[in-house]
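J.: Following is a predicted model, sequence given first.
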Amino acid sequence: MLKGKRILLVISGGIAAYKALELIRRLRERGASVRCAMTKSAEQFVTALSVSSLSGEKVSTDLFSLTDEAEMGHIELSRDADLIVVAPATANILARMAQGLADDMATTLLLATDKPVLAAPAMNVRMWYHPATQRNVEQLKKDGVAFIGPNDGEMACGEYGPGRMAEPLEIVAAIEAQFGKPLPKHLTLVEPAGKRAVEALQIAQDLKGKRAIVTSGPTYEAIDPVRYIANRSSGKQGHAIAAALAARGAEVTLVTGPVNLPDPPGVKTVHVEAARDMFSACFLDLPVDIAVFAAAVADWRVAVEASQKIKKTGDLPPVLKLAENPDILRAISTTDKKRRPALVVGFAAETETVVAHAQKKLASKGCDWILANDVSEGTGTFGGDSNTVHLVTQGSVENWPRLSKPEVAARLAERIAQHFSGPKSKPVLVKKGS
Ligand code: PMT
């Protein structure tokens with residue numbers, strides 16, 4: 001679809017500029033030619049040399065370069081393209097585009113063009129939500145600019161929410177969509193991330209008054225003072241769920257094993273190491289309305305933890321005798337009525353016959369729903385940024401498409417809110433100004 005298409009990629013100065021390099025690769029793989037223009041601040045994040053090496057074209061940076069103008073003037077450059085893509089589109093460049101400024105090469109190209117423009121915003125969540133940015137986005141939409149993203153997630157600054165640039169392959173999909181159908185006079189937002197970006201401006205507070213526990217991350221089971229048994233869980237999925245429930249107004253306690261993630265804002269976070277600590281922390285927080293168990297809890301620990309570092313003896317390696325850890329999900333699902341949460345959601349991490357195993361787990365653990373995910377080699381579910389899940393309930397299975405982990409979390413939070421508000425629930429996301 002992109003074979004022979006000419007893309008002019010405008011790279012503005014944000015931390016996501018590094019993803020523009022992958023975007024160039026992906027576009028060229030698909031047969032598109034990519035010319036690039038960079039703002040001065042973009043050059044603080046990636047060099048014109050890397051951009052030029054990957055695109056195989058000279059990079060335009062300087063509005064007043066006589067050589068550039070002699071080779072191809074900026075008007076010609078902006079008109080020669082089939083599509084202009086601004087990625088990352090910072091708050092600053094969106095503001096300048098909305099104002100019609102032409103104070104550097106990038107904005108001059110954007111003002112001089114008569115070609116469609118697609119922007120992939122990337123900025124801090126508060127900058128994205130700022131009325132000035134939203135005003136500029138609205139103006140640009142009226143001017144016919146299409147948007148992809150921003151996505152929800154953790155940001156380089158440690159905050160969480162919409163502001164992450166769409167992934168390179170999502171941008172490629174948005175570009176392909178531009179070529180797949182005739183472009184309307186006023187381009188609409190590109191689905192799905194673009195629509196979400198506008199809708200997510202105001203998230204319904206439909207879990208206000210509800211209390212939730214979410215577990216996340218791995219557990220570490222000590223062998224001796226320096227060694228432990230663990231797994232590859234990063235906590236990304238569990239943390240995203242805690243944040244998504246809090247975003248809808250729930251009072252959330254996140255009980256997490258050791259992870260390299262910041263605590264989600266607005267969530268009470270309890271840090272634990274071993275399964276038994278996670279078990280106690282969860283029970284301490286009861287009663288709650290909702291419990292979601294996304295942690296990859298070690299099923300076993302060593303029966304007797306050595307008090308000193310186990311030494312090599314030169315004989316046979318030591319044999320570790322294992323003992324079973326308490327099953328937190330099962331214990332909370334089957335606890336007395338007074339303390340059992342109204343809705344208990346477990347996960348099932350499987351490497352084969354995922355749904356069938358999850359259905360068995362639903363019955364054996366006594367929970368209400370299971371989110372089943374394939375964690376076999378090559379899926380990248382453990383530690384990765386996306387996940388393909390199946391929502392297994394008594395008598396039904398919903399297969400969700402591959403989504404980013406924050407999108408899985410948002411969808412789960414939406415389903416939970418619907419569960420509590422009944423079948424005639426209002427739409428979860430309230431559109432603003434549209
Ligand atoms: O952390 P990420 O890198 O983002 O990866 C996400 C994930 C793959 C860890 C997550 O999506 C996931 O699948 N979590 C559950 C992992 C797991 O331990 O699955 P399981 O099938 O072994 O356990 C079934 C359920 O019982 C889970 O809800 C688990 O939290 C719970 N359990 C298991 C053992 C135990 N002792 N106590 C428990 O509560």
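T.: Perfect, I can see it now.

J.: what helix or strand is Ala173 on?
T.: Applying DSSP states H and E as the criterion places Ala173 in helix 168-180.

J.: Spell out which helix or strand contains the residue in the chain sticking out farthest from the centre, please.
T.: No residue in the chain sits farther from the centre than Asp315, which is 49.1 Å out by Cα atoms, centre = their mean. Per DSSP H and E: Asp315 is located in neither a helix nor a strand.

J.: Surely Ala242 forms part of a helix?
T.: Yes: counting by DSSP: H, G, I helix; E, B strand; the rest coil, Ala242 is located in a helix.

J.: roughly how far apart are it and Asn124?
T.: Distance, Ala242 to Asn124, using Cβ to Cβ, to the nearest Å: 21 Å. No exception for glycine: its C-beta is placed from N, CA and C like everyone else's.

J.: Can you show me the CA trace of the helix holding Ala173 as CSV?
T.: Coordinates of each C-alpha in helix 168-180 appear next as CSV, following Å, rounded to 0.1, in the frame of the first residue of the first chain:
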residue,chain,number,x,y,z
PRO,A,168,5.8,3.4,15.1
LEU,A,169,3.6,0.6,13.8
GLU,A,170,0.4,2.4,14.9
ILE,A,171,1.7,5.5,13.0
VAL,A,172,2.3,3.3,9.9
ALA,A,173,-1.3,1.9,10.2
ALA,A,174,-2.6,5.5,10.4
ILE,A,175,-0.6,6.5,7.4
GLU,A,176,-1.9,3.5,5.5
ALA,A,177,-5.4,4.5,6.5
GLN,A,178,-4.8,7.9,4.9
PHE,A,179,-4.1,6.2,1.6
GLY,A,180,-6.7,3.5,1.9
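
J.: Report all helices and strands that that helix contacts.
T.: With contacts taken as 3 or more Cβ pairs under 8 Å, 6 or more residues apart in numbering; DSSP states H and E, helix 168-180 sits against helix 17-29, strand 83-89, strand 117-121.

J.: buried sites along it?
T.: Burial within helix 168-180, assessed by neighbour count using 16 or more other Cβ atoms under 10 Å, is assigned to Pro168, Glu170, Ile171, Val172, Ala173, Ala174, Ile175, Ala177, Gln178.

J.: Tell me which residues are up against that helix.
T.: Residues from elsewhere that reach helix 168-180, judged by Cβ atoms under 8 Å, 6 or more residues apart in numbering: 1-2, 5, 7, 19, 22-23, 25-27, 30, 32, 82-83, 85, 87, 116, 118, 120, 146, 148-149, 151, 165-166, 187, 190-191, 193-194.

J.: Now the buried members of the residues you listed.
T.: Among the contacts of helix 168-180, those buried by neighbour count (16+ other Cβ under 10 Å) are 2, 5, 7, 19, 23, 26-27, 32, 82-83, 85, 87, 116, 118, 120, 146, 148-149, 151, 165-166, 187, 190, 193-194.

J.: How are the helices of the stretch 101-250 of the chain distributed by residue range?
T.: Using DSSP state H, counting those that start in this stretch, the helices of the stretch 101-250 of the chain run over 105-112, 125-129, 131-142, 168-180, 193-199, 236-247.

J.: pLDDT on stretch 259-273, on average?
T.: Confidence for stretch 259-273, expressed as mean pLDDT, is 93.

J.: typed the wrong thing, it's stretch 135-153
T.: pLDDT averaged over stretch 135-153 gives 89.

J.: just stretch 413-432 next, same as before
T.: Mean per-residue pLDDT for stretch 413-432: 65.

J.: can you check stretch 360-378 too?
T.: 96.

J.: Surely Ala413 is in contact with Ala243?
T.: No: between Ala413 and Ala243 there is no contact, the gap being 9.0 Å when judged by Cβ atoms under 8 Å.

J.: Give me the contact status of stretch 316-328 with the ligand.
T.: Yes: interface with the ligand: stretch 316-328 contributes Asn325, Asp327, Ile328 (Cβ under 6 Å from any ligand atom).

J.: Contacts for that stretch, please.
T.: 215, 219, 221, 223, 274-276, 278-279, 282, 293, 295, 297-304, 310, 365.

J.: List the buried residues in that stretch.
T.: Here stretch 316-328 shows Asn325, Asp327, Ile328 as buried, counting by 16+ other Cβ under 10 Å.

J.: Among the residues you listed, which one sits closest to Lys208?
T.: Ile328 (26.4 Å; Cβ to Cβ).

J.: So the closest one versus His390, what's the distance?
T.: For Ile328, the distance to His390 (Cβ to Cβ) stands at 22 Å.

J.: And for Gly100?
T.: Gly100 is 49 Å from His390, by Cβ to Cβ.

J.: So for these two, which sits in the more crowded spot?
T.: Counted by other Cβ atoms under 10 Å, Gly100 and His390 do not tie: His390 has more neighbours, with 19 against 11.

J.: partner residues bridging the closest residue to Ala247 other than its chain neighbours?
T.: Computed as Cβ to Cβ, 6 or more residues apart in numbering, the closest residue to Ala247 that is not its neighbour in sequence is Ile203, at 5.2 Å. Bridge pairing for Ile203 (DSSP bridges) gives the partners Leu429.

J.: Look at Ile203 and say how many residues are nearby.
T.: Ile203, neighbours per other Cβ under 10 Å, totals 20.

J.: For stretch 213-233, give the mean pLDDT please.
T.: Regarding stretch 213-233, the rounded mean pLDDT is 97.

J.: what's the answer for stretch 315-331, then?
T.: The average pLDDT within stretch 315-331 is 95.

J.: Centre of the chain to that stretch, how far?
T.: Centroid displacement of stretch 315-331 relative to its chain, using Cα atoms, centre = their mean, to the nearest Å, is 34 Å.

J.: From one end of it to the other, what's the distance?
T.: End-to-end distance of stretch 315-331 (Cα to Cα, to the nearest Å): 41 Å.

J.: Show me which residues of the lengthiest helix in the chain are buried.
T.: Longest helix of the chain, by residue count under DSSP state H: helix 405-421. By 16+ other Cβ under 10 Å, the buried positions in helix 405-421 come out as 405-417, 419-420.
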